[in-house]
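1. sequence plus predicted model, see below.
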Amino acid sequence: MRMILIGPPGAGKGTQAARLVDKLQIPHISSGDMLRAAVKEGTKLGLEADGYMKAGKLVPDDVVIGMILERIAKPDAAGGFMLDGFPRTIPQAEALEGAMAKAGVTIDRVLLIEVPDELLVERGVGRRNDPLTGKIYHLKFDPPPSQDVAERLVHRKDDTAEAITERLKYYGSWTSPLIPFYDAKGVLRRVDGVGTPDEVTARITTALAS
Ligand code: AP5
């Protein structure tokens, strides 16, 4: 299965991807996680991306396209993958289409996780990430299980109300055109992202089978 998760910042893409990849036995390829790793390592790509990310702006297409096309060409992605956060613009989607056509394969499903804007800021501001396990928590909706875990959690630099508002603007202008793009190909499925993570996972499982 070659699939893409689309949705506004804080919709639950990372949370759902972590639940789905084990079941589907495909790698979770998150452009945001790859860029954050590059920033942490201080690579050339990371230094270029850091300023855009902190401000909630999109990293330039050429930087992200090269990074993702290289990743999906790796052997572990030969049988399928779950893209999260890529593509985010029409030029990125077209570059992906070109690479897929060259490899003689297609995208099977694009899942759009829909959550109203007013819930997204609260989800983002309260999010905390565990650098040890990669697990995503929320101070109110999914609190850490122990004091030890709570003490090591980190708050992403772009999880401020200001940066989330900016990310939502970019989503509306640059990413939402992907919805008609993939709908026209017949692969888009919409999933209501409001409810418990278990409820959303159940909806995604149904959508993937449809
Ligand atoms: P990226 O890391 O992709 O961020 P995003 O798309 O903004 O998505 P998030 O990671 O914020 O949210 P999510 O949907 O994964 O939600 P989560 O599951 O964590 O990108 C970051 C930046 O990198 C971009 O702004 C850009 O600068 C750059 N970038 C990345 N890709 C790029 C590209 N292709 N092109 C250009 N630039 C790019 O959940 C959020 C919170 O809600 C968590 O606390 C979670 O516990 C909680 N939660 C989840 N589900 C539920 C639920 N059902 N109910 C209640 N709470 C829930």
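-> Perfect, thanks for sending it. Computed from a predicted structure; not experimentally measured.
2. just the pLDDT for Phe81.
-> You'll see Phe81 listed with a pLDDT of 96.
3. tell me how many other residues crowd Glu70.
-> Counted with other CB atoms under 10 Å, the neighbours of Glu70 add up to 9. Quick note: C-beta positions are derived from backbone N, CA and C, even for glycine.
4. would you agree it falls within a helix?
-> Yes: counting by DSSP: H, G, I helix; E, B strand; the rest coil, Glu70 falls inside a helix.
5. from Arg127, how far out is it?
-> Between Glu70 and Arg127 the distance is 28 Å, computed by CB to CB, to the nearest Å.
6. again, but for Glu151
-> 17 Å.
7. for the residue of the chain found nearest the ligand, which non-adjacent residue is closest in space?
-> Residue of the chain nearest the ligand, by CB to the nearest ligand atom: Gly32 (1.8 Å). Leaving aside its sequence neighbours, Gly32 sits nearest to Gly85 (CB to CB, 6 or more residues apart in numbering; 4.6 Å).
8. so Val191: helix, strand or coil?
-> Val191 - assigned by three-state DSSP - is strand.
9. element containing the nearest residue to it once chain neighbours are set aside, please.
-> Spatial nearest neighbour of Val191, excluding adjacent residues (CB to CB, 6+ apart): Arg203 at 4.8 Å. Applying DSSP states H and E as the criterion places Arg203 in helix 197-209.
10. that helix - contacts with which helices or strands?
-> helix 13-24, strand 109-114, strand 188-192 (3 or more CB pairs under 8 Å, 6 or more residues apart in numbering; DSSP states H and E).
11. what's around the residue nearest to Gly32, how many residues?
-> 23.
12. for it, which residues are in contact?
-> For Gly85, the contact set (CB atoms under 8 Å, 6 or more residues apart in numbering) comprises 5, 13, 30-32.
13. what does the chain put close to the ligand?
-> 7, 9-15, 31-32, 35, 52-53, 56-59, 64, 85-86, 88, 92, 123-124, 126-127, 136-138, 141-142, 158, 167, 195-197, 200 (CB under 6 Å from any ligand atom).
14. which parts of this structure are helices?
-> Applying DSSP state H to the chain gives helices spanning 13-24, 31-41, 44-54, 61-72, 90-103, 117-125, 147-152, 161-170, 178-183, 197-209.
15. re earlier: so what pLDDT did the residue of the chain closest to the ligand get?
-> Value for Gly32, per-residue pLDDT: 95.
16. cool, the one 4 residues further on as well?
-> Arg36 carries a pLDDT value of 93.
17. ok, it - contacts?
-> Contacts of Arg36 (CB under 8 Å, 6+ apart): 53, 156.
18. what separation is there between Val63 and Gly46?
-> As judged by CB to CB, Val63 and Gly46 stand 10 Å apart.
19. same deal with Gly79?
-> In terms of CB to CB, Gly79 sits 29 Å off from Gly46.
20. looking at these two, which one has more neighbours?
-> Gly46 (17 against 12).
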